[in-house]
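Q: Provided below are the primary sequence and the corresponding predicted coordinates.
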Amino acid sequence: METETEAAAAESGFRSVSSKRSRRKRRAGGGEEAAAAAMDTDAAGPRPGKRPSFPPVAAEALRVGNEEIRKVPVPANRYTPLKENWMKIFTPIVEHLQLQIRFNLKTRNVEIKTCQETKDISALTKAADFVKAFILGFQVEDALALIRLDDLFLESFEVTDVKPLKGDHLSRAIGRIAGKGGKTKFTIENVTRTRIVLADAKIHILGSFQNIKMARTAICNLILGSPPSKVYGNIRAVASRAAERF
Amino acid sequence: MAAVGGLERCLRVAGAAAARPERFLSVQDGLAADFKALTKILYDLSKARGSNVVRGSPLKELVIESFDEEQIWQQLELQNNAVLDFFKKSIVRDANDEDLCLLSDPEDDSSNAEASSDKELEEDIMETETEQKNVYTKDKTKAKEKQSKPRESKMQKYSDDDSDVDFDIEELEQQTEIAKKTTSKKLQKKSIVDDKFFKLAEMEAFLEDVEKEDRGEEEEGINYFEDILSDDEEEESEDSKVKPIKSSRDLTYKDFFDPVDDNDELVANTVEDGQEEETDSVTEEENEESMSEADEITEIMTENMRSKEASKKVTFSLPDDSEIEDSIDMQSEKSIDPIEIKSSFEKRQEKMNAKIRSLEEELLEEKPWQLKGEVSGQKRPENSLLEETLLFDHAVRMAPVITEETTLQLEDIIKQRILDQAWDDVVPKEKPKEEAFEYKKRITLDHEKSKLSLAEIYEQEYLKLHQQKTEEEENPEHKEIQEMMDSLFLKLDALCNFHFTPKPPVPEVKIVSNLPAVSMEEVAPVAVSDAALLAPEEIKEKNKAGDVKADAEKTPTDKKRERRKKKLRKRMKLREKERRQKLLEKMKPEQGTKLSKKAAAAKLKKLTKEGKASLLKDEGKDKVLKSSQAFFSQLQDQVKMQIKDANKLKKKQKKQREVSVHKLKL
């Protein structure tokens, strides 16, 4: 086969370049007898059909750079609640996640930092999410679920995203979402097992993916104008179907 | 010497006073003063003489000046009490002493029938006076002698009266004396029937003796009770009583009866005289039944037994006692000719007649209030019902009497219940689930803020999910046992409860999931089928109205039905609204009036008055206004009219101006 190709090439004026593989094979075929050991030595280098083997990397090596910092800004209205609940925030982060946390008074940021003792890389993200959730307006115990469970998410959107409302209509929409004494909001929270924060025109939802979806649908229906009773019926039906599935 | 003089004077005064006893019918102040002086003299005398045997009171002399009788008496008492005890003891000692002879004593006890009242009085006076004088042992003997003399005289008197019986009685008395004095008594013969209580020979002797007396004259009806009492007083005053007074609790057999073997114990206790009378009156019960002349004997026996004291014996109290006493009384009252002896039949007849008479009298008398039927409070004595035991029915169940016992019992029960943790808690009522619909898990909406945080909710879910595996499986045997017990208890409850309500049947719940039937039912299907286990209706509930119809498909009845339904719904809503409105008005007046129709009308009126709003008048153009074309054309007409008017106005104004120019005369 090689001779044919070479011959063909020579005839047409092209120079046939043999592939590296074939060259290696020829070379290998030539030095077969003597290169039994040589094959072994060659195997150390990258060879076709053999994967390289790496030992598992130590945790320290994975960390890029010595320390990572996350900063969470604190608006003025959340300053006092942060002060009041500082112990409750501080304790799980430091003890369970083994991170370092401080509140920078000048820049008004909560700074979280990894240190020598940190074992889990994802801890930093969780802690940052936890603090962010608290800053958004959730209770500490509810935000704590973010640390304990992996699959909880935080979703935020605005009322005007759903439907462009202005003035009184906007207020009325917000009122519909909240209900009398927060009744409607609590109902949605209880049925869908989420937590909702209603901050003027912004809505934040904390929960698992499916639940967030249910709650979001309900809130959007309320914004769009359906009465609460209808919304209750819908979410109840959806929730029972979801529960039955499991 | 002074002492003797004083004593003589005392005697003189006392004798003078006693010689004319009729003076004492009225109060004698002078004599009283004299007597007081006397007592003082005697007291001082006795104190002055002193005694080495016994000490009296610490008072050296009796003080009389301006002292009350009570006070003088207390002074005397002080002296006497101190000394009396000593003398009692010494008397007992001497009485027990066999060397001293007290021959007259037992006879004295028995012969109390003959004591004359005068003599008693005299003796009493003397005793009280001599008491103060004689508080020494030698005086005691003197007193005794004094006593023995009257007794002897008594005895003599007695013996004088009953001459023919005397001998026997004396003999009997002597016999009894001897019996008492010596331990060996047996002068009488022994018979076979003799035992501890009964001696035949004694009985016969007694009966003979009674018979003889019966033949003899009976004494004047003297009241024997009095004598005995006076006797007792004598005894007491002589300080011969040594026996300590026992309370009723400490009395034993030997206080009432002699020892059964007729052992001699000195009859120092004469307190039981009264008792002995009664016993003696019954003594001859046993004899009476055996004797034919029992009645005679008993009546005389009872009278005489009191007079002579036999040894105390065991006696039997039989119910015939009262009869006999009655009969005796009758007999004694009826002063019969004692010489004539009645036959037993006659006697019996008499008794019967007496009884009949008494019964008749009783019947004719007025009945006691207890037997008089309905008795009001005025007709019976005060508080008489308290003494009666009444029986009456209670209409209502009586309230339990709370005593300490019941409280303690109750507390014990409570404590036990607490320990057992067996509370009587109220069991919450459960609404019975009747439809399968209710078994579907329906999520209840909770409108309140959740008490658990999100983390806790997810935690619970997770635990629930993972703990299903660790659920302990019920032991099938336990299940069986439980079922059997339930059925048994159900049957028992049905038997024993009056108000038994059976439990509603527990529906069996089976959860069926909507999987293809094949996988559930058959392992090796006969024919392959992919039909689901649940019917379509079970997956999604059907509308009650049936299939949904489009407007074109609806029949007139359907349409009418729908219309009716719509109207009904509207009516209900309106009613609800009105009701809520009324309630609101009642509760919160300001809020209520805001929305009511009346309020709206009032507001409208106000506004129209002010001129801020104008009412559209109905000019019959409504029909026209129904279609939009008509409306717009009308609108156009209106606008045209307005313009016309405006133009007219303008023209008018212009005209006016023209006139003015004309007037200018240019």
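A: Thanks, I have it.
Q: just give me the neighbour total for the closest residue to chain A within the stretch 101-250 of chain B.
A: Residue nearest to chain A within the stretch 101-250 of chain B: B:Arg249 (83.9 Å; Cβ to the nearest Cβ). Glycine gets a C-beta too; all of them are placed from N, C-alpha and C. B:Arg249 has 5 neighbours, counted by other Cβ atoms under 10 Å in any protein chain shown.
Q: need the pLDDT of it.
A: Turning to B:Arg249, the model gives it a pLDDT of 80.
Q: what do you get for A:Met87?
A: Reported pLDDT for A:Met87: 94.
Q: please apply the same query to A:His96.
A: On the pLDDT scale, A:His96 gets 91.
Q: state the distance from the residue nearest to it when sequence neighbours are not counted to A:Pro92.
A: Nearest in space to A:His96, with sequence neighbours left out and distances taken as Cβ to Cβ, 6 or more residues apart in numbering or on different chains, is A:Ile147 at 7.0 Å. Using Cβ to Cβ, to the nearest Å, A:Ile147 is found at 6 Å from A:Pro92.
Q: elements contacting the helix or strand encompassing the residue nearest to A:His96?
A: Under the criterion of DSSP states H and E, A:Ile147 resides in helix A:140-148. Contact partners of helix A:140-148 among helices and strands, from 3 or more Cβ pairs under 8 Å, 6 or more residues apart in numbering or on different chains; DSSP states H and E: helix A:86-95, helix A:123-136, strand A:152-158, strand A:202-208, helix B:454-467.
Q: reformat the ones you listed as TSV; add distance to A:Lys20.
A: Rendered in TSV, the data for those read as follows (distance: least, Cβ to Cβ, whole Å):
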stretch	distance to A:Lys20
helix A:86-95	56
helix A:123-136	45
strand A:152-158	50
strand A:202-208	53
helix B:454-467	57
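Q: which stretch among these comes nearest A:Ile177?
A: strand A:202-208 (7.4 Å; Cβ to Cβ).
Q: just confirm the residue of the stretch 101-250 of chain B closest to chain A is within a strand.
A: No: using DSSP: H, G, I helix; E, B strand; the rest coil, the secondary structure at B:Arg249 is helix, not a strand.
Q: where does B:Gln653 land in three-state SS?
A: Following three-state DSSP, the label given to B:Gln653 is helix.
Q: for the residue of the stretch 501-650 of chain B found nearest chain A, which non-adjacent residue is spatially closest?
A: Nearest to chain A, among the residues of the stretch 501-650 of chain B, is B:Ser513, at 8.9 Å (Cβ to the nearest Cβ). Using Cβ to Cβ, 6+ apart and skipping the chain neighbours, the partner closest in space to B:Ser513 is B:Leu533 (7.5 Å).
Q: so that neighbour sits right up against B:Val512, yeah?
A: Yes: judged on Cβ atoms under 8 Å, B:Leu533 makes contact with B:Val512 at a distance of 5.9 Å.
Q: those two: which is more packed in?
A: Remark: of B:Leu533 and B:Val512, B:Leu533 carries more neighbours, 15 against 9, as counted by other Cβ under 10 Å.
Q: can you pull out the strands in chain A?
A: With DSSP state E as the criterion, chain A has strands at A:69-73, A:100-104, A:109-113, A:152-158, A:195-199, A:202-208.
Q: pick the most deeply packed of those.
A: strand A:202-208 (a mean of 22; mean count of other Cβ atoms under 10 Å in any protein chain shown).
Q: who does that one touch, helix- and strand-wise?
A: Looks like strand A:202-208 contacts helix A:140-148, strand A:152-158, strand A:195-199, helix A:209-224 (3+ Cβ pairs under 8 Å, 6+ apart).
Q: so what touches the shortest one?
A: It refers to strand A:195-199. A:136-139, A:142, A:174, A:177-178, A:185, A:188-189, A:203-207, A:215, A:219, B:454 (Cβ atoms under 8 Å, 6 or more residues apart in numbering or on different chains).
Q: list only buried entries from those.
A: A:136-139, A:142, A:174, A:177-178, A:185, A:188-189, A:203-207, A:215, A:219, B:454 (16 or more other Cβ atoms under 10 Å in any protein chain shown).
Q: go through the helices and strands packed on helix A:140-148 and name the closest to B:Arg348.
A: It's helix B:454-467; of the helices and strands packed on helix A:140-148, that one is closest to B:Arg348 (Cβ to Cβ) at 107.1 Å.
Q: hmm, that closest one in reach of chain A?
A: Yes: interface with chain A: helix B:454-467 contributes B:454-459 (Cβ under 8 Å from any Cβ of the partner chain).
Q: select only the buried ones of those residues in ChimeraX?
A: Buried members of those, defined by 16+ other Cβ under 10 Å, are picked up in ChimeraX with:
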select /B:454,455,456,457,458
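Q: other SSEs contacting the helix or strand harbouring B:Glu585?
A: Per DSSP H and E, B:Glu585 falls inside helix B:556-587. Contacts defined by 3+ Cβ pairs under 8 Å, 6+ apart place helix B:556-587 against helix B:589-595.
Q: can you name the next helix or strand after the helix it packs on?
A: Counting by DSSP H and E, what follows helix B:589-595 is helix B:597-610.
Q: where in the stretch 51-200 of chain B is pLDDT low?
A: The stretch 51-200 of chain B contains residues with pLDDT under 70 at B:51-56, B:101-189.
Q: run the last query once more with 90
A: B:51-87, B:89-200 (pLDDT under 90).
Q: and the pLDDT at whichever residue of the stretch 251-400 of chain B sits closest to chain A?
A: At 52.6 Å from chain A, B:Ala399 is the closest residue in the stretch 251-400 of chain B, using Cβ to the nearest Cβ. Note on B:Ala399: pLDDT of 87.
Q: can you list the residues of chain A near chain B?
A: A:139, A:141-142, A:144-145, A:148-149, A:152, A:179, A:182-183, A:186-187, A:189-191, A:193-195, A:206-207, A:232, A:236, A:239-240, A:243-244.
Q: buried ones among those residues?
A: So, by 16+ other Cβ under 10 Å, the buried ones in those are A:139, A:142, A:144-145, A:148-149, A:152, A:179, A:182-183, A:186-187, A:189-191, A:193-195, A:206-207, A:232, A:236, A:239.
Q: B:Ser248 versus A:Asp129, what's the distance?
A: In terms of Cβ to Cβ, A:Asp129 sits 102 Å off from B:Ser248.
Q: typo on my end, it should be A:Glu84
A: 90 Å.
Q: now A:Phe138
A: From A:Phe138 to B:Ser248 the distance is 95 Å (Cβ to Cβ).
Q: one more: B:Ala19?
A: Going from B:Ala19 to B:Ser248 by Cβ to Cβ gives 46 Å.
Q: and for A:Pro92?
A: The value you get for A:Pro92 to B:Ser248, if Cβ to Cβ is used, is 92 Å.
Q: which strand or helix spans B:Ala82?
A: Here B:Ala82 is assigned to helix B:69-96, by DSSP H and E.
Q: may I have the helix holding A:Ile147 as PDB, with CA atoms only?
A: C-alpha atoms of helix A:140-148 as PDB (Å, rounded to 0.1, in the frame of the first residue of the first chain):
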ATOM      1  CA  VAL A 140     -32.600  35.000  58.500                       C
ATOM      2  CA  GLU A 141     -34.200  31.600  59.100                       C
ATOM      3  CA  ASP A 142     -35.600  31.500  55.600                       C
ATOM      4  CA  ALA A 143     -32.400  32.700  54.100                       C
ATOM      5  CA  LEU A 144     -30.600  30.000  56.100                       C
ATOM      6  CA  ALA A 145     -32.300  27.400  53.900                       C
ATOM      7  CA  LEU A 146     -30.000  28.600  51.100                       C
ATOM      8  CA  ILE A 147     -27.000  27.300  53.000                       C
ATOM      9  CA  ARG A 148     -28.600  24.100  54.000                       C
END
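Q: farthest-separated two in the residues of helix B:454-467 next to chain A?
A: B:Leu454 and B:Glu459 (9.4 Å).
Q: how about A:Lys183, what does it touch?
A: If you count contacts by Cβ under 8 Å, 6+ apart, then A:Lys183 has B:His447 around it.
Q: follow-up on the earlier one: the residue of the stretch 501-650 of chain B closest to chain A reaches B:Glu538, doesn't it?
A: No: counting by Cβ under 8 Å, B:Glu538 is not a contact partner of B:Ser513; they are 11.1 Å apart.
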